[in-house]
Structure formats: structure tokens, C-alpha cells
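1. predicted coordinates and the sequence they were generated for:
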Amino acid sequence: MPVTITQTIHLPTAQKHPRKTPLATIKLKYFNIRARAEPARLLLACAGVEYQDVRVEQPWLSLDNEQYWEALRTSLPYGQLPILYWDGEEIAQSLAVARFLAKQFGLAGRDTLEEAQVDEIVYAIEDAVNARIDVLHETDEKRRKTMEDKFITKTVPTLFLQLEQRLVLRGGQFFVGNNLSWADIQAFFFCSELDNQAMLDNQAMLDKATHLADLVRRVGKIPNIQKWVQSRPE
Amino acid sequence: KHSQNKMSEIKLSYFNARGRAETARLLLAHAGVRYTDQRLASEQFASVKPRLPFGQLPTLKYEGELLCQSMSLARFLANEYGLAGRNSIENAQADEIVDAVNDMIAARVAVMQDSDDAKKSELMRKLLEETLPTGLGQLEARLVERGGQFFVGNNLTWADLHLYAFVDIFRSNNPEVLDGFPKIKNLTERIEELPNISKWLQSRPETVF
């Protein structure tokens, strides 16, 4: 039987305060990978809230896993993961999940304009995230190599430059409202997901995008995010 | 709302010191706002004092309005630049931290101003060994209770900056002041790494206090 790993995340700084009730009963379900659930996991980590980090074994790893997954997906609203359960309320679609959590934790912008500014950064990054996933899913070797080259030599450096310009326009410290938001965490997520080759080839561009590089570094040093990155499953 | 002000439209006036103006300066620096950082010598202060609403500095001239009282003008700037908390509970939580820091500042000022030299060293000892460690311990506990990253709402507010301004002055003479308060220490380090704060710390005039 495929093992579903369930861990209840207790971050050291998620102190149980006797006077406070927990924010909500939170369960996040995804495969045992980072990919489309990691933005949500980073937001949950940053907020220091207790939640169940349910991980379904990847269906592509074994026939047993695949059969388990095919059965599970019939119960899912879009046949996909991740899915969030917040006090029993079901929310699907990775960006909707992350945006909901960002709002719960005050990281989605302070008014409608800032909310849009956060979304703008998230969508710009999502284009690149999707481009990378397309590369990983391409089965034709030649086509895959062409797509990968395009990703590394065009998609990533272009995005870095665009994000840097946006960041400088906003004062150079944070993408939205001159304070930490989901947009900054998303930029950290994207940069930390780039594999060695993509990073190596784009180090020069990142060096030029000095504000972006500094922001990513600072987000990585936020205590809960640093702890999560160090302690999360490989 | 973050407005693009011309330099002449915001003027902060104080002595050439950090003292009761540095929190406002940190807020202005963080916001990336251009302003006049006026520093008066004693003689200049003596001549303007009769015309000041409360005979005191700092004052903040903001788009034609003269604001007095260091904490009021700092709170005003915090509200202007989105660093006062996201709702009234968070506003109050920030004020609470600011008030707790101000209790420590008042204790320190009382010792500094005591003219009785015989008493002074005993008062200073009590301050450094009891009052301030107790106060910092209470703040450390509050910080831990709030998740350990920021004092209010798990994001930067003027409460963090005000605590930083206090620590910054205190550790000039007592560099070990944050030993034993690791979360506060980590917070001050992260504040110093904010680009605008870092720039300000490097470029501001060096003062004794």
C-alpha cells in the first residue's frame, strides 16, 4: 500500500498560548514534493501556525501509488492536488489556496490596489513556474532540450530583470507596500527552486538584479522560513 | 498612503542626537521619503523655544502642519507609511510595545539626570542589572508569544523600529545589552539589513546618544 505521510507541523515558534484558541484546523494535501504546494507551505511556515502537512506518494513512482492516486482523484473537485481544508472548508487550485492563506496571515496587501500588486508579481512568476513544469513534463528529448535552453537563457533572466525593475519602482525593499507580502515569498520560492544549472547560468543576471537578490536573501533569513527550508522533507 | 513629498514639505527638527527623534528618522528612512533632517545647536534651540507649542523638540513640519510630542509624530508617520498595524488591535499592540520601551527610556533618563553623584552609581547599577534586563526580558517574552519574528502582526511595525532605536542608543555604552535576548537580537539584525535602514545607519551623523 502506498504510504501517505502525514505530519503535523509544529514549528518551534508556534507557541501554544494558553489564552488563545488555535487559528483554525488546517490540513494541506499534496504529493510528497514541493512544486505547487510549496508557496502554501512557506506561507504557513512564516505564520507559524500548526497544520497537517499530508503528503501522498507520487503516482509515477509505483503502480500501487498510481492506483491509489486514481482512486483518490475521483473525490477531488478538479482531480488535482494541492487541496486545503480550513476548518473543514475545502479549497482547491494552488494559487487560490496560497492567496487565501496570504489573506489569513495579512500578507496579501492592505487594500485592493496592493492586492492587485501582489497578484501581478505572483502571476508573472507563475508564467515561469509553468514554463519550468512544461520542461519537466516533456517526453521528447530533443524538444525538452530546446525548451530547457529557452527557460534558462531567456525566461529566467527576463523575469529577473522585470522583477528587479518592479522592485526598484516600489522603493527597492519589498514588492508591495514597502513591507513583506506573499509577493516577496513567491519570489523567494521561485529563486530557491531553480536547479543548479539554471542558477549558475543566471548568476550574472541575479548579480545585476541587486535588489531582487537582496530581497530573496532577506526572506530566506526570516526565522520561520529559514527553519522550514532547513527542516522540510527532501 | 505613501505620498511623493518634496523635501521642503517634511521637516523634522531636533538636536544633533538620536534621542527622541531617531524613531521618526527610522520611519522616514524606511519609507524612502525625502525630508529635511534639521539638527539645532543649543543656542538655536534657545532662540526658538519660546515659539514652540510646548517649548520642546522634536517637532515635525508635515505639509504645513506642525506636530509636536515625539511619540505622536512617530505614530503619525507610522500610520502614514503603513507601519502602525493592520487593525485597531494591532495598533494597540504596537502602542503597548512602544510604551514598554518608553518605561525603560524613562528609567534610563532618570538615572542620567540625577545630579547626586553618590547615588548615581548605585542607580546606574540597578538600571543595568535589574530594570533594563527585566524590561528586555518582558519584551523578549512578548516577542516569542507573537511568533518570534516581529512584535506585532508577524510583520514589521514601528514597534520594532522604536525598540531598535532604544537598543541602538543603549548599546553604545553597553554592547552586551542583548545577550540573553536572542529573538530581540535577531530582530535587530534583520532590521539593520533592510536596505533603507542600512543606508541610513551608514549615512546618519554620528552622535553620542
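-> Good, I have the coordinates. Numbering: from 1, shown residues only, chains lettered A, B, ... in the order given.
2. tell me which helix or strand of chain B sits lowest on mean pLDDT?
-> Lowest by mean pLDDT, DSSP states H and E among the helices and strands of chain B is helix B:117-126, with a mean of 88.
3. what comes into contact with it?
-> Here helix B:117-126 makes contact (C-beta atoms under 8 Å, 6 or more residues apart in numbering or on different chains) with B:110, B:111, B:114. Every residue, glycine included, has its C-beta placed from N, CA and C.
4. any of those buried? List them.
-> Neighbour counting by 16 or more other C-beta atoms under 10 Å in any protein chain shown classes residue B:111 among the contacts of helix B:117-126 as buried.
5. least confident of the contacts of helix B:117-126?
-> Lowest pLDDT of the contacts of helix B:117-126: residue B:114, 83.
6. for that one, phi and psi?
-> Backbone torsions for residue B:114, taken as degrees, to the nearest 10, come to phi -70, psi 120.
7. the closest residue to residue B:62 other than its chain neighbours and chain A: what is the separation?
-> In space, and not counting its chain neighbours, residue B:62 is closest to residue B:10: 5.6 Å by C-beta to C-beta, 6 or more residues apart in numbering or on different chains. With the distance defined as C-beta to the nearest C-beta, to the nearest Å, residue B:10 ends up 16 Å from chain A.
8. my read: residue B:10 touches residue B:35, true?
-> Yes. Counting by C-beta atoms under 8 Å, residue B:10 does reach residue B:35; the two are 3.8 Å apart.
9. OK, contacts around the spatially most central residue of chain B?
-> Nearest to the mean C-alpha position of chain B, counting by C-alpha atoms, centre = their mean, stands residue B:23 at 3.2 Å. For residue B:23, the contacting residues are B:70, B:74, B:158, B:161, B:162, B:165, by C-beta under 8 Å, 6+ apart.
10. just the CA atoms of the strand or helix carrying the fifth one, as PDB, please.
-> So the one you mean is residue B:162. Here residue B:162, judged by DSSP states H and E, is contained in helix B:158-173. This file holds the C-alpha atoms of helix B:158-173, laid out as PDB (Å, rounded to 0.1, in the frame of the first residue of the first chain):
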ATOM      1  CA  TRP B 158       7.000  51.000  14.300                       C
ATOM      2  CA  ALA B 159       7.100  48.900  17.500                       C
ATOM      3  CA  ASP B 160      10.100  47.000  16.100                       C
ATOM      4  CA  LEU B 161      11.800  50.300  15.000                       C
ATOM      5  CA  HIS B 162      11.200  52.000  18.300                       C
ATOM      6  CA  LEU B 163      12.700  49.100  20.200                       C
ATOM      7  CA  TYR B 164      15.700  49.200  17.700                       C
ATOM      8  CA  ALA B 165      16.200  52.900  18.300                       C
ATOM      9  CA  PHE B 166      16.300  52.300  22.100                       C
ATOM     10  CA  VAL B 167      18.700  49.300  21.800                       C
ATOM     11  CA  ASP B 168      20.900  51.300  19.400                       C
ATOM     12  CA  ILE B 169      21.500  54.100  21.900                       C
ATOM     13  CA  PHE B 170      21.800  51.800  24.900                       C
ATOM     14  CA  ARG B 171      24.400  49.500  23.400                       C
ATOM     15  CA  SER B 172      26.700  52.500  22.600                       C
ATOM     16  CA  ASN B 173      27.900  52.200  26.200                       C
END
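11. can you give me the mean pLDDT across it?
-> On average, helix B:158-173 scores 95.
12. show me what that helix is packed up against.
-> Using 3 or more C-beta pairs under 8 Å, 6 or more residues apart in numbering or on different chains; DSSP states H and E, the elements in contact with helix B:158-173 are helix B:22-31, helix B:70-80, helix B:88-113, helix B:182-193.
13. and with 10 Å instead?
-> helix B:22-31, helix B:70-80, helix B:88-113, helix B:132-145, helix B:182-193, helix B:195-203 (3 or more C-beta pairs under 10 Å, 6 or more residues apart in numbering or on different chains; DSSP states H and E).
14. name the stretch among these that sits most buried.
-> Among these, helix B:22-31 has the highest mean neighbour count (mean count of other C-beta atoms under 10 Å in any protein chain shown), at a mean of 25.
15. now do that one against helix B:195-203, angle only.
-> 130 degrees (axes from the mean of the first three to the mean of the last three C-alpha atoms, to 10 degrees).
16. quick one: helix B:22-31 to chain centroid distance?
-> Between the centre of helix B:22-31 and the centre of its chain there are 9 Å (C-alpha atoms, centre = their mean, to the nearest Å).
17. how about it as PDB, C-alpha atoms only?
-> C-alpha atoms of helix B:22-31 as PDB (Å, rounded to 0.1, in the frame of the first residue of the first chain):
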ATOM      1  CA  GLU B  22      15.500  58.600  16.000                       C
ATOM      2  CA  THR B  23      12.300  56.500  15.700                       C
ATOM      3  CA  ALA B  24      10.800  59.200  13.400                       C
ATOM      4  CA  ARG B  25      14.100  59.200  11.400                       C
ATOM      5  CA  LEU B  26      14.000  55.400  11.100                       C
ATOM      6  CA  LEU B  27      10.400  55.600   9.900                       C
ATOM      7  CA  LEU B  28      11.200  58.300   7.300                       C
ATOM      8  CA  ALA B  29      14.300  56.300   6.200                       C
ATOM      9  CA  HIS B  30      12.300  53.100   5.800                       C
ATOM     10  CA  ALA B  31       9.600  54.800   3.800                       C
END
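18. so for it, mean pLDDT?
-> The average pLDDT within helix B:22-31 is 98.
19. for stretch A:119-137, same thing?
-> For stretch A:119-137, mean pLDDT rounds to 94.
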